[in-house]
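what follows is a predicted structure for the sequence shown.
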Amino acid sequence: MNMKINQVTIDALASLCKRRGFIFQNSEIYGGINGFWDYGPLGVELKRNIKDSWWQSVVQWRDDVVGLDAATIMHPRVWEASGHLDGFTDPMVDCRQCKGRFRADLLLEDQGIELETGSTAEKNLKLPANAKCPTCGARDLTEPRAFNLMFKTFIGPVADDTSAAYLRPETAQGIFVNFDNVLSVARKKIPFGIAQIGKAFRNEINPRNYTFRSREFEQMELEFFIKPGTDADWHAYWVKERLDWYERIGLARANLDQYEYGKDELAHYASACVDILYRFPFGLQELEGIAARGNYDLSRHREFSGKSLEYFDQETGERYLPHVVEPSAGVDRIALAVLCEAYTVEWIPKEDTEGDIRPAEPGEKVPSGYEERVVMKFAPRLAPYKAAVFPLLKNRPELVKTARSIYDQIKKRWPAFYDQTGAIGRRYRRQDEIGTPFGITVDFQSLEDDTVTLRHRDSMKQDRVGIPELPGILAEKIDE
C-alpha cells in the first residue's frame with residue numbers, strides 16, 4: 001500500500017473522484033450546496049465496503065456485540081438529557097466588513113494563533129487583537145458566540161414549539177435509549193456492546209476540506225457496556241482493536257497517529273479519550289474518537305425518563321449502571337483517507353509489461369520509455385470493483401461469449417466490470433484509475449485450453465490461470 005500521501009492534493013483527488021464517479025457535489029446543476037456531497041457509482045461501493053468491513057470486525061465476528069438501527073429523529077427530550085440542546089455548540093464569529101461567518105477556534109488554528117491558557121473551543125474563548133478575517137483580511141471580527149449545531153425540524157402539520165424536533169447530531173443516543181430493549185432480547189451479559197451505522201447531521205459553520213467536514217455524514221459507533229472499574233483495560237483494548245482495523249483496510253501505520261487527551265482536556269464525565277488521526281494532505285486530522293464515558297449517558301437518561309436502566313448481574317447479585325467505552329468513527333472521513341492513501345502516480349514501461357515501476361517524482365520529467373500512470377491502490381476488500389473482464393477483441397463472438405460467461409459468474413459473488421471497448425492497454429488504464437485490483441483477459445488461447453490472463457493492478461504482472469480456478473484465486477486475494 002502506498003505510503004506517500006503527498007502525491008495528491010485535494011483538488012487533484014476531487015477531480016478524479018468526479019471524473020470517475022466516486023463523489024459529486026450535491027445539487028451541482030443548481031450551483032451546489034455547501035457541506036453536502038453525493039456518492040456516485042464507485043463511491044457508494046467504496047463506502048459500502050468500508051461499512052461492511054467495520055460491521056464484520058465489530059459485530060459479525062464477535063459474540064459480545066449486537067446491532068441496532070435507530071430512527072434519525074428522536075423525542076426532543078433525548079437531546080435535552082444528552083446535553084445537546086444546551087451544550088452542542090461551536091464558537092461563531094462574523095466579519096463586520098465582508099459579512100463572512102467563521103468558526104472561531106478553526107480561524108485561530110489556521111492563523112497559527114494559540115488559545116489562551118484555560119480557553120477552549122467550548123468555553124472562555126476570546127479573540128486576540130491580531131485575529132483577522134480569512135476572506136478580506138480585516139481585523140474587525142465580532143466576539144465569539146455559541147452556535148448550536150443541530151438541525152431543527154417539526155413533526156406534524158403545525159410548525160411551533162410543541163412540534164419541534166431535531167435531526168440527530170450523532171447515532172449514539174439511539175443506542176443508549178434502547179439499552180433496556182436490547183438487553184431484554186439479546187441474551188447478552190456485561191461486557192457487551194451495541195453497534196450502529198447511520199446518518200447524522202451537524203449544521204457546521206464552515207464545512208471544509210472536501211468531504212472531511214460536512215453537514216450530513218455517516219457514523220459507525222459502538223457503545224460497549226462494561227462493569228464499573230474495568231474502564232481503563234477496555235479502553236486500551238478498543239484503541240488497539242481500532243488501530244488494527246485501520247491497517248487491515250489498507251491505511252499505512254506510518255500515516256496513522258494517536259492523540260491522547262490530557263486530564264484538563266477530557267469531558268467532566270470521561271476518564272480517558274484517544275483520537276485516531278490520519279495524515280491527510282491538509283494535515284493530521286481525526287478519523288475516530290475512542291472515549292471511556294463512565295455512566296454519564298445512561299445516568300442522564302435515567303434521570304430524564306424515570307426508567308431504572310440498571311443492569312442486574314445474576315451471578316453476583318449486584319445492580320449497577322454500566323459504564324461504557326465508545327469508539328465513534330466517521331464513514332466519510334475514512335473514505336476520504338482511503339482515497340488519499342490509494343492515490344498513486346507512477347512511471348511505468350510504455351508497453352504495459354511487467355517491469356521496473358517507479359514512483360513519479362514531483363517536478364521531474366517522465367523518463368524515456370516510460371509513461372505516467374495514475375492508479376488507485378485500494379486494498380482489494382475495499383475496491384469498488386474486484387475484477388474487470390475483457391474480451392481481447394469485441395468483434396469476435398467466441399471471445400465475447402466466453403468473457404461474458406466469466407463476468408456473469410464473478411458478478412454473482414463480487415462487484416465486477418465488463419469492458420470490450422478500446423485497446424486492451426487503454427482498458428487496463430481505466431481500471432487502474434478506479435482501483436480494480438484484477439483484470440481478466442479472454443484471448444484466443446482461452447478458446448484452446450480454457451485459461452485466461454489474470455493481470456495484477458499494482459505490479460502489472462500477468463499470470464495464466466485456468467477459468468475453473470478463477471473464483472478460488474480471487475477469493476484468496478480479496479480476503480487476504
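The structure has been received and is ready for your questions. Numbering: from 1, shown residues only.

and the helices in the stretch 101-250 of the chain?
Using DSSP state H, counting those that start in this stretch, the helices of the stretch 101-250 of the chain run over residues 104-110, 172-177, 179-186, 231-248.

which of those helices sits most buried?
Across the helices of the stretch 101-250 of the chain, averaging neighbours per residue (mean count of other C-beta atoms under 10 Å) puts helix 172-177 on top, at a mean of 23. (C-beta placed from N, C-alpha, C; glycine too.)

what's it in contact with?
68, 70-71, 74, 78-79, 82, 168, 194, 196, 198, 221, 223, 297-298, 301, 305, 326, 328 (C-beta atoms under 8 Å, 6 or more residues apart in numbering).

inside strands: which ones of these?
194, 196, 198, 221, 223, 326, 328 (DSSP state E).

out of the residues you listed, who's the most crowded?
Within the ones in strands among the contacts of helix 172-177, neighbour counts (other C-beta atoms under 10 Å) peak at Glu223, which reaches 29 neighbours.

contacting residues around it?
Taking C-beta under 8 Å, 6+ apart, one finds 172, 175-176, 193-195, 297, 324, 326 in contact with Glu223.

chain neighbours aside, what residue packs nearest to it?
Among residues not flanking Glu223 along the chain, Ile175 sits closest, at 4.6 Å (C-beta to C-beta, 6 or more residues apart in numbering).

count the neighbours of Gln97 for me.
There are 14 residues near Gln97, going by other C-beta under 10 Å.

check the one 5 residues further on too.
The burial metric for Phe102, expressed as a neighbour count using other C-beta under 10 Å, is 22.

quick check: it touching Asp90?
No - the criterion here is C-beta atoms under 8 Å, and Phe102 misses it with Asp90 at 10.1 Å.

what touches both of the two?
Common contact partners of Phe102 and Asp90 (C-beta under 8 Å, 6+ apart): Ile205.

care to break this structure down by domain?
The chain breaks down into these domains under automatic domain parsing: 5-76+161-341, 89-148, 377-479.

pLDDT of the longest one, averaged?
Going back to what we said before, that points to domain 5-76+161-341. Taken as a whole, domain 5-76+161-341 carries a mean pLDDT of 95.

list the contacts of Pro415.
Pro415 touches 45, 384-386, counting by C-beta under 8 Å, 6+ apart.

ok, Asp64 next?
188, 191-193.

got CSV for the contacts of Pro415, with distance to Ala423 too?
Output for the contacts of Pro415, formatted as CSV (distance: C-beta to C-beta, whole Å):
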residue, distance to Ala423
Glu45, 26
Pro384, 23
Tyr385, 20
Lys386, 23
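
just the residues you listed now: which is nearest Ala164?
Nearest to Ala164 among the contacts of Pro415 is Glu45, at 37.7 Å by C-beta to C-beta.

please, which helix or strand holds the closest one?
For Glu45, the element it lies in under DSSP states H and E is helix 41-55.

so what does that helix touch, helix or strand wise?
When contacts are defined as 3 or more C-beta pairs under 8 Å, 6 or more residues apart in numbering; DSSP states H and E, helix 41-55 sits against strand 192-201, strand 216-226, helix 231-248, helix 331-342.

any idea how far His235 is from Leu321?
His235 is 18 Å from Leu321, where distance means C-beta to C-beta, to the nearest Å.

meant to ask about Arg253, not that
37 Å.

ok, those two, which is more surrounded?
A count of neighbours by other C-beta under 10 Å puts Leu321 above the other of Arg253 and Leu321, at 19 against 12.

can you pull the contacts of that one?
Contacts of Leu321 by C-beta under 8 Å, 6+ apart are 228, 295, 298-299, 302, 309-311.

from those residues, keep the buried residues only.
295, 298, 302, 309, 311 (16 or more other C-beta atoms under 10 Å).

Thr316 sits in which helix or strand?
Using DSSP H and E, Thr316 falls outside every helix and strand.

look up how far Thr230 lies from it.
From Thr316 to Thr230 the distance is 14 Å (C-beta to C-beta).

ok, those two, which is more surrounded?
Thr230 (15 against 9).

Arg293 against Ser328, yeah?
No - with contact defined as C-beta under 8 Å, Arg293 does not count as touching Ser328 (10.2 Å).

Gly369: which of the domains of the chain is closest?
Across the domains of the chain, closest to Gly369 is domain 377-479 (C-beta to C-beta), at 14.8 Å.

average pLDDT across that closest one?
So the average pLDDT for domain 377-479 ends up being 96.

I'd like the distance from that domain to the chain centre, please.
28 Å (C-alpha atoms, centre = their mean, to the nearest Å).
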